[in-house]
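# next comes the sequence, and after it the predicted model I'd like to discuss.
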Amino acid sequence: MPSWLVKQMSKAFLNKDKYQIKMLNQCWYYYQHLHK
């Protein structure tokens, strides 16, 4: 997982930002599919 995504993720979890977490999960999902 790229470091910028890790940073965003931990920030979202600290803020308990469910919307942000969901968005980042989708980003990561697409990212993995693009880089196979």
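Cool, the structure landed.

# tell me the centre residue of the protein?
Leu24 (2.8 Å; CA atoms, centre = their mean).

# for it, what are its contacts?
Leu24 makes contact with Leu5, Gln8, Met9, Ala12 under the criterion CB atoms under 8 Å, 6 or more residues apart in numbering. The C-beta positions use only the backbone N, C-alpha and C, and glycine is treated the same way.

# in ChimeraX, select just the buried ones from those.
Buried members of those can be picked out in ChimeraX with the line below, counting by 16 or more other CB atoms under 10 Å:
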select :8,9,12
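
# looking at the contacts of Leu24, which is nearest Tyr31?
Ranked by distance to Tyr31 (CB to CB), the contacts of Leu24 are led by Leu5 at 7.6 Å.

# now that closest one: which helix or strand?
Following DSSP states H and E, one finds Leu5 within helix 3-14.

# that helix - what's its average pLDDT?
Helix 3-14 shows a mean pLDDT of 91.

# that helix: what's the following helix or strand?
Next along the chain from helix 3-14, counting by DSSP H and E, comes helix 18-34.

# determine how far that following helix lies from the middle of the whole chain.
Relative to its chain's centre, helix 18-34 lies at 5 Å (CA atoms, centre = their mean, to the nearest Å).

# so of the contacts of Leu24, which two are at opposite extremes in space?
Within these, Leu5 and Ala12 form the most distant pair, 10.3 Å apart (CB to CB).
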